[in-house]
Every structure is written in C-alpha cells, then in structure tokens.
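Peer 1: Next input, structure requested:
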Amino acid sequence: MNDWRIYRGVGQPHDGVRRLPEPPPWRDFTRGQDGTPAGSEDPGGARRLGVRRRRAENYAPRPAEVDAVNAALYLRRPLLVTGNPGTGKSTLAYAVAHELKLGRVLRWPIVSRTNLQDGLYRYDAIGRLQDVQLERARAAGGTGIDGGNGNGRGNGNGRGDGSGADEGADRDRGIGAYIRLGPLGTALLPSELPRVLLIDELDKSDLDLPNDLLNTLEEGEFAIPELERVTDRQPVVEVLAHDSGRIAVHGGRIACTSFPLIVLTSNGERDFPAPLLRRCVQLELEPPGEEQLTAMVEAHLGEEGVAAGQDLIGRFLDREPGEVMAADQLLNALFLTQHTPHAERLTRERIADLLMQRLDRSR
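Peer 2: Sure, this is the predicted structure:
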C-alpha cells in the first residue's frame, strides 16, 4: 500500500483500522490463549526468542553468560543479571528454559509495592468468608430464620442446628480453594527438574524486598500458616498453583527438591545489600553486538528482515559510546520501516528517528 498510515488525522470516521497488518511477532498476544499447560510452548518465550527461527537455537551467548548460567545451575544459587534496558536480561531466562526443556518460565514482575507475600502465596480470606456466609444463607432459607432445625426455633447459640462458622467452613470448598501460590512459591514446589523463575526488575522494589528474600532463597522452603493451623485435621491440602492447576501441600509447608533457576534482573538503578549479593551468581550483561543483533532480527523478522535492515542495524551499532538504546527499539524500527516500502525515504528516516531515540537523554 502506498499510504502506510491508518490514522490520518482528518477527523472523518473510516474503516482504515481493518487494514492493520499482523502484529510484530514480539507483540503477538494471540498465541497461547487456549490455556496450554506448563511444559508446552511458552507464548512469552515465543515473543522473546522469535517465531521465524528461535533465537535460542541460532544465538550463541557470550562465554561469560554461559559460564554464569552454569555456575548458578551447579551451585543452586540465583543468577543476578544487571544491564541496561533492552540488553536481553529477561530473554536469557527464556533461552535457558527452552534449551534445557524446563517448561514455562515463571515470571514475577516487580513494582514498588511488591512484597515477599506476593511471590509466595495469597490467601483470599474475604472470599472464603463470603462463601461461608452464602452457605449459611442457603441453609437458613431451608431450615428457619436463624439456622434452626426447621421449626423456627434456634438452639440458643445463634447456630441453629450446629452449623457454626467452623462447620460452615467445612462445608465450603475447603481452605485450599482460597490459597493461590505465587511465582516464587510455585517455583519451590517439589519437582524432578528445576523450574525457571524470572524475578524481573528487582531494582524497582522497595528497600525491604531484597532483604526479605534472603531466607527463602537460602532455605528453599516456606510455611503457609493458614494450612499449618489445620494440619491435625487436614494434613494434605490441595491449593492453586501459579500456572498448573491444583497442587497438594503436606503439613502446611512447601520445600523444593530441585532448587529453581532464579534469574533476578536489574537495570542497575540501585545497589543491593551484601547478603543478597553473597547468595547470587552475578552477571553484568553487555549490550548486544553485531552477531547477537543479527541473530535477534533473523529470529523475529527472518533473513529478509536482516537484509532490508542493514542500515538501521549499522546505525544502532554505531551509536556513541555510553548512549543507551534498547534492542527492541531497533526491532520496532525495522518492522515499521519494512511496512512502508513505498514511502518516501524521508518518511522512513523520520520513523526510524521517532523509534530509535536514546533512552538516557534529558527530557
């Protein structure tokens, strides 16, 4: 099409949006929407590693990256990966999971409000209370106003025929239906092979989270007090896992048998406490070079994408030392300029300028 623009700024409604081409492979969210289980194709991995030819299969990481991953695997220690935005920190976790066939990557994105409890598990006490109250209401509807025995007479204790809070809870779906493990809690479940857990952008957390992680990362286990309290009545409770249905928890505790490969990423915006650094294998990820960039473009856009985008790849590589620019900015520019083949060269250059702005420039 000669005019690549969908929105034209003319103020008149039209159906141009129907001409939108397929999304970039790294922004295609139609994959994996059928609830495919862990161990099958990971849609997040496909977006990061490429769908034309998987980046994990044709990208040779630097020796330091390979050594750091293997050190973390051998030592059963987390891998702390630091680098500028867009250098492939998160992609490393998906590449390892793909090559070693470790299933879907468990992802825990960190924000300023994230706490350890978010990663371990959540107990929906309010939801459980509401279900108990609904059960009581149903029982009261069939047996008398205040839960009596059908003759409108309570038994004097406010419970009618004995359907008190504890018994109401016993009649509901069970406490396990209201406990869902987080990404870290799921990664620590007993398993034959380690799971891969990506704790993304740890430097965005508040000051407490890195220290709060220490004990769990060291011991590889944690307790669920809500289940420990009922161990005498329910020694085994099925809870909801982060990504794979129901999981049996014994004695109210979860302890790993294969320590997960935990990849913590950081943009280097803050320092971490020495106790956390001591527990991690540390890797400083350098910006991708020509080999890595070419492999990445080929993985997402094919060989034709590499051939058509040599000028932009060279422009990305020739930026000033210390100038911060993410690799996905290059991908965005390549994708969009390749969808404007008939546009004037000035237009294509303007698009590239728009999408490949340095990230460290003052605003």
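Peer 1: In terms of pLDDT, where does Trp109 sit?
Peer 2: Quick fix: residue 109 reads Pro, not Trp. Looking at Pro109, its pLDDT is 96.
Peer 1: Enumerate every residue touching the spatially closest residue to it that is not a sequence neighbour.
Peer 2: Nearest residue to Pro109, sequence neighbours excluded (CB to CB, 6 or more residues apart in numbering): Asp200, at 4.9 Å. Heads up, the C-betas are built off the backbone N, CA and C, glycines and all. Asp200 sits next to Ser90, Arg107, Trp108, Pro109, Ile110, Thr265 when contact means CB atoms under 8 Å, 6 or more residues apart in numbering.
Peer 1: Show me which of the residues you listed is closest to Leu227.
Peer 2: Of all the contacts of Asp200, Trp108 has the smallest distance to Leu227: 21.6 Å, by CB to CB.
Peer 1: Assign that closest one to helix, strand or coil.
Peer 2: strand (DSSP: H, G, I helix; E, B strand; the rest coil).
Peer 1: okay, now it: neighbour count?
Peer 2: Using other CB atoms under 10 Å, Trp108 is surrounded by 22 other residues.
Peer 1: shift numbering so it begins at 258
Peer 2: All set: I'll call the first residue 258, so the last point we hit is now Trp365.
Peer 1: does it really touch Pro440, like I thought?
Peer 2: Yes. Under the criterion of CB atoms under 8 Å, Trp365 is in contact with Pro440, at a separation of 3.9 Å.
Peer 1: got any residues that touch both of these two?
Peer 2: Counting by CB under 8 Å, 6+ apart, the shared contacts of Trp365 and Pro440 are Gly376, Leu454, Ile456.
Peer 1: Just the residues you listed: which are in helices?
Peer 2: Gly376 (DSSP state H).
Peer 1: and the shared contacts of Trp365 and Pro440 as TSV, adding neighbour count?
Peer 2: Listed next are the shared contacts of Trp365 and Pro440 as TSV, based on neighbours: other CB atoms under 10 Å:
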residue	neighbour count
Gly376	27
Leu454	25
Ile456	27
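Peer 1: okay, the shared contacts of Trp365 and Pro440 in a markdown table with distance to Ala329 and pLDDT next?
Peer 2: A markdown table is the format used below for these (distance: CB to CB, whole Å; pLDDT from 0 to 100):
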| residue | distance to Ala329 | pLDDT |
| --- | --- | --- |
| Gly376 | 18 | 97 |
| Leu454 | 12 | 98 |
| Ile456 | 13 | 98 |
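Peer 1: Format the shared contacts of Trp365 and Pro440 as TSV; extra columns: distance to Ala382.
Peer 2: Shown next, in TSV, are those (distance: CB to CB, whole Å):
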residue	distance to Ala382
Gly376	19
Leu454	26
Ile456	26
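Peer 1: what residues are up against Tyr378?
Peer 2: Shown in contact with Tyr378 (CB under 8 Å, 6+ apart): Ile436, Arg437, Leu438, Gly439, Gly442, Ile481, Val496.
Peer 1: Mark which of those are part of helices, please.
Peer 2: Among those, the members falling in helices (DSSP H) are Gly442.
Peer 1: ok, Glu577 to Gly546 distance?
Peer 2: 16 Å (CB to CB, to the nearest Å).
Peer 1: Over to Pro342?
Peer 2: Taken as CB to CB, the span from Pro342 to Gly546 is 17 Å.
Peer 1: which of these two has more neighbours?
Peer 2: Using other CB under 10 Å, the more surrounded residue of Pro342 and Gly546 is Pro342, with 16 against 10.
Peer 1: host element of the more buried one?
Peer 2: Following DSSP states H and E, there is no helix or strand that holds Pro342.
Peer 1: Before we move on, what's the pLDDT of Trp283?
Peer 2: 80.
Peer 1: my guess is it contacts Gln586, does it?
Peer 2: No. With contact defined as CB under 8 Å, Trp283 does not reach Gln586; the gap is 11.9 Å.
Peer 1: which residue sits closest to Thr514, ignoring its sequence neighbours?
Peer 2: Closest residue to Thr514 apart from its sequence neighbours, by CB to CB, 6+ apart: Pro447 at 4.4 Å.
Peer 1: where does the one you found land in three-state SS?
Peer 2: Following three-state DSSP, the label given to Pro447 is coil.
Peer 1: For it, list the residues it contacts.
Peer 2: Pro447 touches Ile511, Ala512, Cys513, Thr514, Ser515, counting by CB under 8 Å, 6+ apart.
Peer 1: Relative to Gln269, which of the residues you listed is nearest.
Peer 2: Closest to Gln269, out of all of the contacts of Pro447 and judged by CB to CB, is Ile511, at 59.3 Å.
Peer 1: Could you check the pLDDT of the residue lying closest to that closest one once chain neighbours are set aside?
Peer 2: Among residues not flanking Ile511 along the chain, Leu445 sits closest, at 5.5 Å (CB to CB, 6+ apart). pLDDT, Leu445: 97.
Peer 1: Ile504 versus Leu445, what's the distance?
Peer 2: Distance of Leu445 to Ile504, given as CB to CB: 11 Å.
Peer 1: Neighbour count for those two, which is higher?
Peer 2: Legend: neighbour count by other CB under 10 Å for Leu445 and Ile504, higher for Leu445 (27 against 18).
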